[in-house]
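**Q** quick check, what structure comes out for this input:
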Amino acid sequence: MAEEGSISVLSTDGTSSETGSEVTDREREKVKVEDPEDGEMEEMDSSELVLSHQEAMSKVEAAIDEIVSTDSLLYDLPPEVTLEEVNSFIALEHGQAMLVNVQRADGEVLSVVVVQNGTVLDLKHAIKRHMTLKLSRSKGKKHISWKYIWKRYWLYFEGQKLTEDKKQLKEYGIRNKNEVTFIKRLKER
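**A** Purely as a prediction, here's the structure:
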């Protein structure tokens with residue numbers, strides 16, 4: 001008898017194999033499948049038991065989408081959520097991270113998650129991750145020169161330039177849900 005939750009496959013010649021093992025051409029004709037819930041045997045074409053990689057991935061993605069959309073903590077994440085986004089959001093919910101709103105020059109506000117003791121460099125990396133994911137989801141421009149961005153713009157918080165990458169955000173007074181602004185650097189003479 002198979003373990004609970006597994007499916008036993010009986011070939012037409014009466015031999016048994018567990019799913020996941022190789023199925024020979026001879027076994028591909030008709031097989032009897034035992035339903036683990038009610039124990040009844042049902043006959044089906046063995047090709048129905050084999051999924052292509054793409055079919056398996058789409059089933060997994062659909063299951064993850066359903067879990068994320070019905071979970072009370074994760075429901076507002078995008079459907080094609082990454083593991084990093086889930087971990088950041090969970091850290092935010094447990095108080096291990098903070099949400100920083102970054103206002104761009106065009107008025108758009110980006111909400112990024114940074115660890116509680118994060119530095120200015122961590123904030124810059126979070127902005128980069130946020131924009132990269134946003135662009136890849138919108139099928140827009142794929143490359144941004146971040147070296148150019150950080151040479152041309154400052155991050156400001158309450159009139160202070162965030163100039164030292166290794167300085168912690170809390171040293172500038174930045175807390176959860178505070179707003180940081182992108183301001184274009186003026187040319188120095």
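**Q** grab the nearest non-local neighbour of the most centrally placed residue in the chain.
**A** The centre of the chain sits closest to Thr82, judged by C-alpha atoms, centre = their mean, with a distance of 1.1 Å. Using C-beta to C-beta, 6 or more residues apart in numbering and skipping residues adjacent in sequence, the residue nearest Thr82 is Leu133, 6.9 Å away. Just so you know, the C-beta spots here come from the backbone N, C-alpha and C atoms, and that holds for glycine as well.
**Q** right, and that neighbour touches Glu85 too?
**A** Yes: Leu133 is within contact range of Glu85, at 7.4 Å (criterion: C-beta atoms under 8 Å).
**Q** what's the residue nearest to the centre of the chain sitting at in phi/psi?
**A** Here is the backbone geometry of Thr82 (degrees, to the nearest 10): phi -100, psi 160.
**Q** go on, Thr119?
**A** phi -100, psi 180.
**Q** ok, it - contacts?
**A** Contacts for Thr119 (C-beta atoms under 8 Å, 6 or more residues apart in numbering) come out as 165-169.
**Q** can you report how many residues lie near Lys124?
**A** 19 (other C-beta atoms under 10 Å).
**Q** which residues does whichever helix or strand it is part of contact?
**A** Here Lys124 sits within helix 120-138, counting by DSSP states H and E. Contact partners of helix 120-138, identified using C-beta under 8 Å, 6+ apart, comprise 78, 80, 82, 84-85, 100, 102, 110-115, 118, 141-142, 144, 146, 150, 155, 162-167, 169, 172, 180.
**Q** how about the helices in the protein?
**A** Along the chain, the stretches classed as helices by DSSP state H are 53-70, 83-93, 120-138, 146-152.
**Q** skipping adjacent residues, who's closest to Asn101 in space?
**A** If the residues on either side of it in the chain are set aside, Asn101 comes closest to Glu179, at 4.5 Å by C-beta to C-beta, 6+ apart.
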